[in-house]
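J.: sequence and predicted structure are below.
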Amino acid sequence: QVRLSQTGGGSVRAGDSLTLSCSASPSADVWYMGWFRQAREKGREGVAGIDRRGRTRVQNSVKGRFTISKDKSTDIMYLRMTSLKPEDNAIYYCAGDRASYRSLDNEDWDFWGQGTQVTVSS
């Protein structure tokens, strides 16, 4: 069974930056990874995705502010969030899948992290 473990998150002020990380174990079983977020009383929203070759997708809502990356030596995935806004307040989830690609528009992914709260105050 694959386990996704997240670190990072916390409370910051608007304009600050945060980095989330996610590791998969065993990582060999996970081909596509991504980040989702869920704000209070809203559905889960796909944020960014990355494949094994390092090709990335970032949703328009955070493009230019959020960067997804993956360390090839450790297989740890990161989400670097800059210029944070109060509307970025959410629980952020790491996700992984056995497929080589997964859409960010649905939640039908194989594996999920435990989630981490990001709170941005104005």
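T.: Now that the structure is in, tell me what you want to look at.
J.: residue closest to the middle of this protein?
T.: W35 (2.3 Å; C-alpha atoms, centre = their mean).
J.: and that residue, helix, strand or coil?
T.: strand (DSSP: H, G, I helix; E, B strand; the rest coil).
J.: against T7, how distant is it?
T.: According to C-beta to C-beta, to the nearest Å, W35 stands 13 Å off from T7. In this view, the C-beta of every residue, glycine as well, is placed from N, C-alpha and C.
J.: which residues are in contact with each of these two?
T.: L20, C22 (C-beta atoms under 8 Å, 6 or more residues apart in numbering).
J.: what's across from the residue nearest to the centre of the chain in the sheet?
T.: Beta bridges link W35 to A48, C94, judged by DSSP bridges.
J.: just the pLDDT at it, thanks.
T.: Looking at W35, its pLDDT stands at 98.
J.: what segments of the chain are strands?
T.: 3-7, 10-13, 18-25, 32-38, 44-51, 56-58, 66-70, 77-81, 90-97, 111-112, 116-121 (DSSP state E).
J.: and those: which comes nearest S103?
T.: Distance to S103, taken as C-beta to C-beta, is lowest for strand 44-51 among the strands of the chain, at 7.5 Å.
J.: list of residues touching that closest one?
T.: By C-beta under 8 Å, 6+ apart, strand 44-51 touches 31-39, 56-59, 61-62, 66-70, 77, 79, 90, 92-93, 100-107.
J.: stretch 58-71 now?
T.: By C-beta under 8 Å, 6+ apart, stretch 58-71 touches 33-35, 45-50, 54, 56, 76-84, 88, 104.
J.: chain center to stretch 113-122: distance?
T.: Mean-position distance between stretch 113-122 and its chain equals 11 Å (C-alpha atoms, centre = their mean, to the nearest Å).
J.: picking that back up, which among the contacts of stretch 58-71 end up buried?
T.: 33-35, 45-50, 76-79, 81, 84, 88, 104 (16 or more other C-beta atoms under 10 Å).
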